[in-house]
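> only the shape, not the letters, is given here:
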């Protein structure tokens, strides 16, 4: 993990990554809220090595984590980092981008990522400072220089990454990355494992997208948080059940004329076994579901 | 600070008496922003702290679960002697525009209660200030803690909000005759601040927010809201209406680009409560 005492970018140790498939490396973040101890190393980060260059998938919640990921890449290959792909706008996936600026990669994101970053980054930077103290100061958002509206392909030399931009689900800018050579799909936060799913975009959209991902013919899926191992289809089913339960209960509350506050205090999470951070995020999810579903006819 | 003995307690009591009531709080609520906002809203009129809910109460979650959608409700009481609450201001100290809204009520509302959702930037005091028809000013407050790191007081699906711009849902719940009924007005609108300028991308969301809502019954004012982008995306207001006869409850919404949206609902008091 991180060298905690020294928050200076250079002082960090390389992230401990494992090879989940030939040339595909994964750092599994801690399931926790971002703070001054973990510096935002709370999401899954990956890199894929081709014969020509390296693609990074998500960069962590601070430049310190980004730099530690970069150190890990450097310990394994001298090939240049040609792409830094962000799966969505959330700070624990994107605030490490800064550490890769000197590599002059192409930063890649969903077509709606620039607008989401513009609307949110000042709040994310303020939250980074609030949650991480000194380590959260002086951060800057790094927007994509190449965006994906529907689909795109990136050539790393000898292997191709297929990118897909999804309709609003976990956020309105979710992007997945499929390494065709090994059948490894990086789902970003379209899949949560060991961590309560967090609704920020559209709950109905996420249920649909989740079902589509669960039906994909791939070897493995890397979630945005946690590790499903072989059981990623089960993880999608568990996540889908939670989201559908939220929808059903919220619709009932709306039908009964309940207010947002009443609904938030009444709708329970159901079977949340194995998920951390339920207290932190469940009420937020109900809030989000209510604000969305009250517009249904 | 807590007095440690009888002497300091007496001293504290003396100091307390020297201070205007609104400055007596010892819980960090007496912020410089509040000082400015209070002067702006009510000048140097005395502000009475309502800690017992005798005139008004404010309810908000202890923690902003979702910084973009924080439910806030203000409930007011019937006042003795025919006076009534005629105005409620909603103040969120730490927001870029701390005065989130001013709601003006007439006796046609029946009660000066208002429930809405706001954006909350950071740890902040949230206050409701009530002005009564006989010129008194009361304040109630709640402290709201900020949400987690990935929550932002921004839109969730900006394209959809814009595509649905101006769509409204307006309904009045059935109530019993002679009692105020709950009305709910929902407006599909991004309600964006225009403050989110990104220096690197040069991209920003231009300001576009609902600035005024006028609710009338049979042409007479019931509730008027002067609001801004502290109100959440898709502004939502619950308030009361006390119609004495059949008629049309109408809402006219004007936004910062002077776009105008209307919606109305028929009210038949004779049929209600049956």
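Ah, there it is. All of these numbers come straight from a predicted model, not from anything done at the bench. Residues are numbered from 1 along each chain as shown, chains lettered A, B, ... in the order given.
> just to check, residue B:29 is in contact with residue B:140?
No: under the criterion of Cβ atoms under 8 Å, residue B:29 makes no contact with residue B:140, lying 10.9 Å away. Backbone N, C-alpha and C define where each C-beta goes, glycine included.
> look at these two and report which has more neighbours.
Legend: neighbour count by other Cβ atoms under 10 Å in any protein chain shown for residue B:29 and residue B:140, higher for residue B:140 (23 against 17).
> contacts only, for residue A:218.
Residue A:218 makes contact with A:178, A:183, A:184, A:185, according to Cβ atoms under 8 Å, 6 or more residues apart in numbering or on different chains.
> nearest residue to residue 230 other than its sequence neighbours?
The chain I'm using is chain A. With sequence-adjacent residues excluded and distances taken as Cβ to Cβ, 6 or more residues apart in numbering or on different chains, residue A:230 is closest to residue A:220, at 7.7 Å.
> that's the other chain; I wanted chain B
That would be residue B:100: by Cβ to Cβ, 6+ apart, it lies 3.4 Å from residue B:230.
> the one you found and chain A: what is the separation?
Using Cβ to the nearest Cβ, to the nearest Å, residue B:100 is found at 16 Å from chain A.
> residue B:193 too?
When distance is defined by Cβ to the nearest Cβ, residue B:193 is 9 Å away from chain A.
> repeat that for residue B:246.
Noted for residue B:246: a distance of 23 Å to chain A, by Cβ to the nearest Cβ.
> same check, this time on residue B:114
On the measure of Cβ to the nearest Cβ, residue B:114 and chain A end up 12 Å apart.
> got the contact list for that residue?
B:73, B:74, B:88, B:90, B:103, B:223, B:225, B:237, B:238, B:239.
> would JSON lines of those residues with secondary structure and neighbour count be doable?
Shown next, in JSON lines, are those (DSSP: H, G, I helix; E, B strand; the rest coil; neighbours: other Cβ atoms under 10 Å in any protein chain shown):
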{"residue": "B:73", "secondary structure": "strand", "neighbour count": "18"}
{"residue": "B:74", "secondary structure": "strand", "neighbour count": "26"}
{"residue": "B:88", "secondary structure": "strand", "neighbour count": "25"}
{"residue": "B:90", "secondary structure": "strand", "neighbour count": "24"}
{"residue": "B:103", "secondary structure": "strand", "neighbour count": "26"}
{"residue": "B:223", "secondary structure": "strand", "neighbour count": "26"}
{"residue": "B:225", "secondary structure": "strand", "neighbour count": "26"}
{"residue": "B:237", "secondary structure": "strand", "neighbour count": "24"}
{"residue": "B:238", "secondary structure": "strand", "neighbour count": "18"}
{"residue": "B:239", "secondary structure": "strand", "neighbour count": "26"}
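> in TSV, list those residues along with distance to residue B:245.
Compiled in TSV, these are given as follows (distance: Cβ to Cβ, whole Å):
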residue	distance to residue B:245
B:73	28
B:74	28
B:88	26
B:90	31
B:103	24
B:223	18
B:225	24
B:237	23
B:238	23
B:239	19
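> thinking again about what came up before, so where does the residue nearest to residue B:230 fall, helix or strand?
In this structure, residue B:100 sits in strand B:99-105 according to DSSP states H and E.
> after that strand, which helix or strand is next?
Following strand B:99-105 in sequence order, the next helix or strand is strand B:114-118 (DSSP H and E).
> which elements pack onto whatever helix or strand comes next after that following strand?
Tracing the chain past strand B:114-118, the next element assigned as helix or strand by DSSP H and E is strand B:124-132. Strand B:124-132 is packed against helix B:32-42, strand B:56-59, strand B:70-76, strand B:85-92, strand B:137-144, with contacts defined by 3 or more Cβ pairs under 8 Å, 6 or more residues apart in numbering or on different chains; DSSP states H and E.
> the same query, at a cut-off of 6 Å, please.
Counting contacts by 3 or more Cβ pairs under 6 Å, 6 or more residues apart in numbering or on different chains; DSSP states H and E, strand B:124-132 is packed against strand B:56-59, strand B:85-92, strand B:137-144.
> which residues of the stretch 1-150 of chain A fall in helices?
A:63-74, A:91-94, A:113-132 (DSSP state H, counting those that start in this stretch).
> residue nearest the centroid of chain B?
Compute the mean C-alpha point of chain B, and by Cα atoms, centre = their mean the closest residue is residue B:90, 4.0 Å away.
> and residue B:216, that one's in a helix?
No: read with DSSP: H, G, I helix; E, B strand; the rest coil, residue B:216 is strand and lies in no helix.
> distance of it from residue A:96?
54 Å (Cβ to Cβ, to the nearest Å).
> between those two, point out the one with more neighbours.
residue A:96 (32 against 19).
> dump the residue contacts of the residue nearest to the more buried one when sequence neighbours are not counted.
Sequence neighbours aside, residue A:66 is the residue nearest to residue A:96 in space, at 2.6 Å (criterion: Cβ to Cβ, 6+ apart). Counting by Cβ atoms under 6 Å, 6 or more residues apart in numbering or on different chains, residue A:66 touches A:59, A:60, A:96, A:99.
> surely the third one touches residue A:65?
Yes: under the contact definition of Cβ atoms under 6 Å, residue A:96 touches residue A:65, with a separation of 4.8 Å.
> follow-up on the earlier one: please report how far the residue nearest to residue A:230 lies from chain B.
25 Å.
> again with residue A:167
Using Cβ to the nearest Cβ, one gets 9 Å for the distance from residue A:167 to chain B.
> ok, that residue - contacts?
Residue A:167 neighbours (Cβ under 6 Å, 6+ apart): residue A:205.
> wait, is it part of a helix?
No: read with three-state DSSP, residue A:167 is coil and lies in no helix.
> got the confidence number for it?
Looking at residue A:167, its pLDDT reads 97.
> so who does residue A:232 touch?
Going by Cβ under 6 Å, 6+ apart, the list of residues near residue A:232 reads residue A:221.
> burial of residue B:78, as a residue count?
11.
> ignore the last one, residue B:186
For residue B:186, the number of neighbouring residues by other Cβ under 10 Å comes to 19.
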